[in-house]
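**Q** Just need the structure, nothing else, for what follows:
(chains A and B)
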Amino acid sequence: MADDVKPTRKNLMQIEERIELSERGHDTLEKKRDGLIMEFMDILDQAQDVREDLEEKYQQAQRAIDIARATEGDVAVRGAASALKEHPEITTQSKNIMGVVVPQIESTKVQKNLQERGYGVLGTSARIDEAADAYEELIDQIILAAEVETAMKKMLNEIETTKRRVNALEFKLLPELRENQEYIEQKLEEQEREEIFRLKKIKAKKEEEEKAEREQEREAEAEKERVSADD
Amino acid sequence: MSQEIAVIGSPEFTTGFRLAGVRKFQNVPEDDKAEKLDDAVEETLADDGVGIVVMHDEDLDHLSRGVRQDVETSVEPVVVTLGGGAGSSGLREQIKRAIGIDLMDEEDNE
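**A** This next block holds a predicted model:
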């Protein structure tokens, strides 16, 4: 890289400007990364609580449906499951955390009462109701987990990109720019030294010439005097 | 935009969710998981009407590499896995990569 730059003062000024800009960008990105990680830690705590609850609810729900299956038979449970009329729906809104858009999920029609379920009161037992209840709760928890985990995934992606940018600036771009800067500075200094040396040389040469001229003149004068003395 | 929840898994797994009103589901019997689960997951992930996909953690092992990666990184729809304990799917790996420390592990030791 250093070979490609022309050692001129203009280039040096440009590189110095770029170094300043890159350093400012590096500082800002570093702050952003730290901020994101702090936000992420908060969400991580939350996510772990949600996960624990989720696993607990899942086990409860499984137990409930196993009991329903054991007492009513698999066919009855499946029949009831096929009869559901209302379906849970979710709507997503977004929230902005340090430039990362994270979703906020709202759910409707998850918790239903007996009439809304639609499989009828006769012909099914309370066991099935209990199982349905447990699964409705589980779905609520799943929605919560989905919200938190999406936020985590998005933030992790952002952290990774920011980290890459910081590292690229710190370990690639800035060292290269500094190397170029140093190269140009040294080249310019060398040119200056050469220039001074050249001037000195020229001066010495001129002095020598002048000296030789003077000598010649003196010799010519001496010659003249000798000639006139001879006469 | 209103979306729905989808469930993928064995009939035993999905029945409970259907009882709670989940309408979109893919039943993949235990024996066919090796062949059919990939297609089922891909189809569900491509569905715009689905906001959340629920799967069992063990079923992820049946997926091929590419699909599994899609599942782990997909944000829309987001895939929530059940039954796998705290270290949920690829999240732990991603944290390790992005932050440099295994935060989940630290939490377990406490």
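
**Q** got the residues of chain B near chain A?
**A** B:1-5, B:11, B:15-23, B:51-52, B:54, B:73, B:75, B:78, B:80, B:82-83, B:85-86, B:88, B:91, B:94-95, B:97-99, B:103, B:107 (CB under 8 Å from any CB of the partner chain). In this view, the C-beta of every residue, glycine as well, is placed from N, C-alpha and C.

**Q** Now with 7 Å, please.
**A** B:1-5, B:15-23, B:51-52, B:54, B:73, B:75, B:78, B:80, B:82-83, B:85-86, B:88, B:91, B:94-95, B:97-99, B:103, B:107 (CB under 7 Å from any CB of the partner chain).

**Q** Next, count neighbours for residue A:230.
**A** 6 (other CB atoms under 10 Å in any protein chain shown).

**Q** that older thread, mind listing which of the residues of chain B next to chain A are in helices?
**A** B:15-19, B:73, B:91, B:94-95, B:97-99, B:103, B:107 (DSSP state H).

**Q** Of these, which one scores lowest on pLDDT?
**A** Of all these, residue B:107 has the smallest pLDDT value, namely 49.

**Q** and residue A:111, that's in a helix?
**A** No: counting by DSSP: H, G, I helix; E, B strand; the rest coil, residue A:111 is not part of a helix but coil.

**Q** Would you mind giving the ones in helices among the residues of chain B next to chain A as CSV with distance to residue A:161 and neighbour count added?
**A** CSV is the format used below for these (distance: CB to CB, whole Å; neighbours: other CB atoms under 10 Å in any protein chain shown):
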residue, distance to residue A:161, neighbour count
B:15, 42, 24
B:16, 39, 26
B:17, 35, 26
B:18, 40, 24
B:19, 42, 29
B:73, 14, 15
B:91, 17, 22
B:94, 13, 18
B:95, 15, 21
B:97, 12, 13
B:98, 9, 23
B:99, 13, 19
B:103, 19, 18
B:107, 25, 13
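
**Q** Redo those residues as TSV? Include distance to residue A:176.
**A** Shown next, in TSV, are these (distance: CB to CB, whole Å):
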residue	distance to residue A:176
B:15	61
B:16	59
B:17	56
B:18	60
B:19	62
B:73	32
B:91	36
B:94	30
B:95	31
B:97	26
B:98	26
B:99	27
B:103	34
B:107	40
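
**Q** Pull out the buried residues from stretch A:101-119.
**A** Residues A:102-103, A:105, A:107, A:110, A:112, A:117, A:119 are the ones in stretch A:101-119 that count as buried (16 or more other CB atoms under 10 Å in any protein chain shown).

**Q** likewise stretch A:27-46?
**A** In stretch A:27-46, counting by 16+ other CB under 10 Å, buried: A:29-30, A:32-33, A:36-37, A:39-40, A:43-44.

**Q** In JSON lines: the residues you listed, plus pLDDT and secondary structure.
**A** Output for the buried residues of stretch A:27-46, formatted as JSON lines (pLDDT from 0 to 100; DSSP: H, G, I helix; E, B strand; the rest coil):
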{"residue": "A:29", "pLDDT": "95", "secondary structure": "helix"}
{"residue": "A:30", "pLDDT": "94", "secondary structure": "helix"}
{"residue": "A:32", "pLDDT": "93", "secondary structure": "helix"}
{"residue": "A:33", "pLDDT": "92", "secondary structure": "helix"}
{"residue": "A:36", "pLDDT": "91", "secondary structure": "helix"}
{"residue": "A:37", "pLDDT": "90", "secondary structure": "helix"}
{"residue": "A:39", "pLDDT": "89", "secondary structure": "helix"}
{"residue": "A:40", "pLDDT": "90", "secondary structure": "helix"}
{"residue": "A:43", "pLDDT": "88", "secondary structure": "helix"}
{"residue": "A:44", "pLDDT": "88", "secondary structure": "helix"}
